[in-house]
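Enquirer: I would like the atomic coordinates for the input below:
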Amino acid sequence: MANINILLADDHDIVRDGIRMLLEDEVGFRIVSEAENGEEAIKACKEDDIDLVIMDISMPKMNGIEATEKIKESSPDIKVLALTMMDEDQHIRQMIEAGASGYILKSSDKVELVDAITTILDGKHYFSDDATQSVMMDLVKGTAKENNSTDPGNITDREKEVLELIVKQYTNQEIAEELYISTRTVDAHRRNLLQKTGAKNTAGLVTYAFRHNLVDIN
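Expert: Modelled structure (predicted):
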């Protein structure tokens, strides 16, 4: 496996040191840079060859939400894994909307951290079990923002099937095999979903699906 270059962005030295200790013996993972705030994280992504950012939400100067949005705008291939606390449900939602591929609690162990990283690098999303239920319920019950003006009725039954599999973290190839269609057709459905929902990326589609109760969260 090729080396995965990781940036640690957190304003607490002890958190960065802890993550570094957890990953230092993991084959293929390299901590190549660290940042104490969002501005430093953006700069590091421009100067270093970063594959994944482990991003704290609450940081000085620029928080993880703003930093994630700017990083994804300039370098969409860089994956972002949000570091969260249990009481940051609202901010977690904003991180996903900004382009983060998932979130993990700061109290998580090495097994979950490695699982989250490998899942995200595989092109899927990772949501920490301990925080998922409350966040997903917040998405369903929360007041709508820009996406609420979009009528879910415009989405076809086939697009809903594709959307449900996207939420379940299926890859395009897996969706194609599940629905007996080509990957090109899956791409077309994905583009249509982005256009109809107003979402910017896959994370936005997941958010839209839960807001409009288009998938079963049980």
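Enquirer: run through the bridge partners of the closest residue to residue 16 other than its chain neighbours.
Expert: Once flanking residues are discounted, residue 16 sits nearest to residue 8: 4.7 Å by CB to CB, 6 or more residues apart in numbering. Any C-beta I mention is one placed from the backbone N, CA and C, and that applies to glycine too. Beta-bridge partners recorded for residue 8 (DSSP bridges): residue 34, residue 54.
Enquirer: which residues are in contact with residue 8?
Expert: Neighbouring residues of residue 8 by CB atoms under 8 Å, 6 or more residues apart in numbering: 16, 19-20, 31, 33-35, 54.
Enquirer: who wins for most neighbours among the residues you listed?
Expert: In terms of neighbour count, residue 54 stands highest of the contacts of residue 8 at 26 neighbours, by other CB atoms under 10 Å.
Enquirer: ok, it touching residue 5?
Expert: No: contact criterion CB atoms under 8 Å: residue 54 and residue 5 do not qualify, at 11.7 Å.
Enquirer: now do the contacts for the most centrally placed residue in the chain.
Expert: The centroid of the chain falls nearest to residue 101 when counting by CA atoms, centre = their mean (1.5 Å). Going by CB under 8 Å, 6+ apart, residue 101 touches 79-81, 120, 124-126, 203.
Enquirer: next: residue 75.
Expert: The contact partners of residue 75, by CB under 8 Å, 6+ apart, come to 45-46, 50.
Enquirer: now swap in residue 173 and tell me
Expert: residue 183.
Enquirer: neighbouring contacts of the helix or strand hosting residue 19?
Expert: In the assignment (DSSP states H and E), residue 19 maps to helix 13-23. Here helix 13-23 makes contact (CB under 8 Å, 6+ apart) with 6, 8, 10, 29, 31, 34, 54, 56, 83, 106, 110, 113-114.
Enquirer: so where do the helices sit in this protein?
Expert: Counting by DSSP state H, residue ranges of the helices within the chain are 13-23, 38-47, 64-74, 89-98, 110-121, 129-141, 157-167, 172-179, 183-197, 202-211.
Enquirer: in CSV: these, plus mean pLDDT.
Expert: Shown next, in CSV, are the helices of the chain (pLDDT from 0 to 100):
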stretch, mean pLDDT
helix 13-23, 90
helix 38-47, 93
helix 64-74, 92
helix 89-98, 77
helix 110-121, 90
helix 129-141, 56
helix 157-167, 89
helix 172-179, 91
helix 183-197, 90
helix 202-211, 79
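Enquirer: what separates the residue nearest to the centre of the chain from residue 157, distance-wise?
Expert: According to CB to CB, to the nearest Å, residue 101 stands 28 Å off from residue 157.
Enquirer: residue 164 too?
Expert: From residue 164 over to residue 157 the distance is 11 Å, taken as CB to CB.
Enquirer: before we move on, back to that, contacting residues around the closest residue to the residue nearest to the centre of the chain other than its chain neighbours?
Expert: Of all residues not flanking residue 101 in the chain, residue 120 sits nearest, at 4.3 Å (CB to CB, 6+ apart). Taking CB under 8 Å, 6+ apart, we find residue 120 in contact with 52, 79, 81, 101-102, 126.
Enquirer: highest neighbour count among the residues you listed?
Expert: Counting neighbours by other CB under 10 Å, residue 101 leads those with 27 neighbours.
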